[in-house]
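Chemist: attaching a predicted model along with its sequence, questions to come.
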Amino acid sequence: MHSINPGEAQERKLRGSLLVPALLLGALVLQSVFSMRLHSATYDEVSHLAAGYSYVSTGDLRLNPQHPPLAKLLAGLALIPLEPTLDLEDGSWRADPPDEWRFGYRFLYELGNDADRLLFWGRLPFVGLSLLLAWLAYLWARDLFGRRAGWLALMLCAFSPNLIAHGQLVTTDLPLACFSTLALYNLWRFNATGSRPSAAVAGVGLGAALACKFSALILIPLFPILLLLGRRRDASLKSLLSGLAIALGLAFLVVQASYLFSLDGLQYWRGVTQTYADATPDHPWYLMGEFRVGGWWYYFAAAFLFKTPGPVLIGIGLAGAALGLRKLRTERWQDELFLVFPIAAYFLVTSLFAANIGLRYLLPVYPLIFVFTSRLGPLVTQSTFSMTIAALWVAWYLGAALAIYPDHLSYFNRFAGGPENGHRLLDDSNIDWAQDFKRLADHIEQEEIPAPIKLRYGRWDAPDYYGLKAVPLNDREWGGDPPPGVYALGTHQLIRGELYAQQFGLKTDWLSRYEPIARIGYSCYLFRFD
């Protein structure tokens, strides 16, 4: 009989320990790549993708200054091998300020470029960032609570509808979540060990987060606060200040590099002041069937409850209760601060200052919540009862993620009535970001619906590119008695129709008046009038 020597046993144990993370990361890739191929360009991608390629092609950062450039640069770099056409003679580029939306639309649909190919390759770096984010959550949870906790945190990331939804789009939200997690995890490592390399990586993560989204500015005061509150007894103030200086210095260099080392020192600050340059001050936001200018202080708390999977909400409650059990705490109570304090800070600042647009502004809290919840992992094998409960809990979570495929952006949990009820609760990027234009065109073709249809969907739709024969739905037809024909309206447009009906007495409340004949994902409805 062949005997296993200690070295071989150790090698098998190592392979086994890596198998679960590999499978979970593979599942994340498959969900992201296969679903993103079905989706057309969302609102912000039209601007961000063209802006990113213009940055790497010209070194000119004039497009989309209301967001830092790093995330867009990553998308632009991915397009270099494709050599797409970029029209720098167009008036939308030469204007002052340039028309980023018109320029982006022409880049995708009017210059002979393959829009689907550009979107696919431009989105791949963001899938990579979602993998890095999941791996960071695994490492942090493993370091705090053990290997099973690491697997649990990784599983929560790999099947999170919200992370999957935004991890396949050329936008700034997932990169912010990834790099802020990188910064906070390594700041915790520096605090726990005094390791200068950890302080350096924390600084790189901080700089990358700042270079992706201006809301990352919240991390700058968090760094010294966390270091002071979580200070080890054997750590000198001098060593903490030294590590903080390293982190902040490297963060500054990363931000400068993202701006291509521009000599304009105020470029970042001007971008901060332009964050809501595209916003309408008196725009009425939407929540639970109501419209209100200025929004609600509890909007993001409500959105979190509606769009976070039920098992996660239950897990948060159990993990909070488990803090009372000694073995489910971190080794030092200060370690909890690096999870709880940033979660609370993001919720507070976002609720006070962010536009009531979407849960995506809270994306950075999810990996921290998953690590916090992962402390439940060691409980799984304590008894047959706990294993049964854990299996049911995991099955519930995985089932919810697989059931929503490929409509992760429109996910709502069953406590909120599911995605079919989402339009009664939230609007905008929570449900309809014009992501289903390709599927709408495919549905019209498969069902052999006579052309042309009447269309009111998306901000930058491209019916001709997808072979869809459509004419715009005019205001008279929408607000009155629609003539015979087939009509396609986005969920966002239909929700706004409810507002116009309330304000002006128009017949734009189609969701209340008429029964749709079909729904494309959860972002578009079809109506037929004979």
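Modeler: Yep, it's here.

Chemist: looks to me like L526 is in a helix.
Modeler: No. Going by DSSP: H, G, I helix; E, B strand; the rest coil, the assignment for L526 is strand, not a helix.

Chemist: can you tell me how far the closest residue to it other than its chain neighbours is from L226?
Modeler: Computed as CB to CB, 6 or more residues apart in numbering, the closest residue to L526 that is not its neighbour in sequence is A518, at 4.2 Å. For every residue, glycine as well, the C-beta is placed using N, CA and C. As judged by CB to CB, to the nearest Å, A518 and L226 stand 51 Å apart.

Chemist: please say which of the two ends up with more neighbours.
Modeler: Looking at A518 and L226 with other CB atoms under 10 Å, you find the greater number of neighbours at L226, namely 21 against 16.

Chemist: remind me which helix or strand the more buried one belongs to.
Modeler: For L226, the element it lies in under DSSP states H and E is helix 219-229.

Chemist: buried sites along that helix?
Modeler: Buried residues in helix 219-229, counted by 16 or more other CB atoms under 10 Å: 219, 222-223, 226-227.

Chemist: equivalent analysis for stretch 323-342, please.
Modeler: In terms of neighbour count (16+ other CB under 10 Å), stretch 323-342 has its buried residues at 328-330, 334-339, 341-342.

Chemist: for the buried residues of helix 219-229, which one is nearest L409?
Modeler: Of all the buried residues of helix 219-229, the one with the least separation from L409 (CB to CB) is L219, at 26.0 Å.

Chemist: so what's the closest one closest to, chain neighbours aside?
Modeler: Nearest-residue entry for L219: L206, 5.6 Å, with adjacent residues in sequence omitted and distances by CB to CB, 6+ apart.

Chemist: could you check the angle helix 219-229 makes with whichever strand or helix holds the one you found?
Modeler: Secondary structure here is read from DSSP H and E; on that basis L206 sits in helix 196-210. Computed with axes from the mean of the first three to the mean of the last three CA atoms, to 10 degrees, the direction of helix 196-210 lies at 150 degrees from that of helix 219-229.

Chemist: low-confidence regions, the chain specifically.
Modeler: Counting by pLDDT under 70, the ranges of the chain that qualify are 1-16, 277-279, 326-327, 459-461.

Chemist: what are the boundaries of the strands in it?
Modeler: In chain order, the chain shows strands spanning 284-287, 290-293, 453-456, 470-472, 485-490, 518-520, 524-529, with DSSP state E as the criterion.

Chemist: for Y397, find the nearest of the ones you listed.
Modeler: Closest to Y397 of the strands of the chain, according to CB to CB: strand 518-520, at 25.1 Å.

Chemist: got phi/psi on L468?
Modeler: Comment: the main-chain dihedrals of L468 come out as phi -100, psi 120, following degrees, to the nearest 10.

Chemist: which non-adjacent residue is nearest it?
Modeler: Sequence neighbours aside, A441 is the residue nearest to L468 in space, at 4.1 Å (criterion: CB to CB, 6+ apart).

Chemist: was I right about that neighbour contacting G467?
Modeler: Yes. Proximity of A441 to G467 meets the contact threshold set by CB atoms under 8 Å, at 6.1 Å.

Chemist: neighbour-wise, which of the two wins?
Modeler: A count of neighbours by other CB under 10 Å puts A441 above the other of A441 and G467, at 22 against 11.

Chemist: kind regards, and thank you for your time.
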